[in-house]
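A.B. asks: Sharing a model prediction with you, sequence too.
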Amino acid sequence: MLVRPLRDNPAAVPILAAWFKAEWPDFFASQSVEQIADRRFRPALTAESLPTVLVAEEGGELCGTVALRAEASGRRKDLGPWASGLYVPPPFRGRGLGRFLLETAVAEAGRLGFDSVYGATNRIRDLLLALGWELVGTDEYEGGEAVELFRHRTEPASR
């Protein structure tokens, strides 16, 4: 399996946007697939640092994604960067891809010089805890959905 920046595979943008629309229809109810692509993915095609979208590929087929973003959709603007948008399509689940993508995102945050990376979730608590993430609080997404906040320390690269 290969994990690389989205900027190295821009053709993946519409596929990722369609995945997000299908997986989180309530969250993206007011956005078209094209709007999701424009807001969540295309900015990473030219960014020098954040946002960074990573894509996993196996045999030339997309099999997952995760992003590092300066801000998350909650109210905690004082924290960051954020690991967000972890997604592995159903045919690829159960093989450790989500774990590998999160580990890669943490390493990338360190490479970019950050000493911690944050995550907000109400779906993958056990995975984050198993990977050494620390529960640091709670928050709400913009729509009012309650989430737990996690932090993972990185090993920052010297700048």
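C.D. replies: Everything's here; your move.

A.B. asks: What's the local residue count around Glu48?
C.D. replies: By other C-beta atoms under 10 Å, 6 other residues sit near Glu48. (Glycine included, C-beta is placed from N, CA and C.)

A.B. asks: ugh, wrong one, I meant Thr65
C.D. replies: 25.

A.B. asks: what about Trp19, which SS state?
C.D. replies: helix (DSSP: H, G, I helix; E, B strand; the rest coil).

A.B. asks: got a list of what it touches?
C.D. replies: Thr65, Tyr87, Pro89 (C-beta atoms under 8 Å, 6 or more residues apart in numbering).

A.B. asks: Would you mind measuring from the first one to Ser32?
C.D. replies: Put plainly, it is Thr65. Distance from Thr65 to Ser32, counting by C-beta to C-beta, to the nearest Å: 19 Å.

A.B. asks: Okay, now the unreliable bits of this protein?
C.D. replies: The model of the chain has pLDDT under 70 over residues 73, 158-159.

A.B. asks: downstream neighbour of the lengthiest helix in it in the secondary structure list?
C.D. replies: The single longest helix within the chain, with elements called by DSSP state H, is helix 97-111. Remark: after helix 97-111, the chain's next helix or strand is strand 116-121, criterion DSSP states H and E.

A.B. asks: buried stuff in the longest helix of the chain?
C.D. replies: Neighbour-count burial for helix 97-111, counted by 16 or more other C-beta atoms under 10 Å, picks out Leu97, Gly98, Phe100, Leu101, Leu102, Glu103, Thr104, Ala105, Val106, Glu108, Ala109, Gly110.

A.B. asks: Widest-spaced pair of those?
C.D. replies: Using C-beta to C-beta, the pair of the buried residues of helix 97-111 lying farthest apart is Leu97 and Gly110, separated by 20.5 Å.

A.B. asks: quick revisit: can you convert the contacts of Trp19 into CSV and add a column each for distance to Glu58 and secondary structure?
C.D. replies: Output for the contacts of Trp19, formatted as CSV (distance: C-beta to C-beta, whole Å; DSSP: H, G, I helix; E, B strand; the rest coil):
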residue, distance to Glu58, secondary structure
Thr65, 13, strand
Tyr87, 15, strand
Pro89, 11, coil
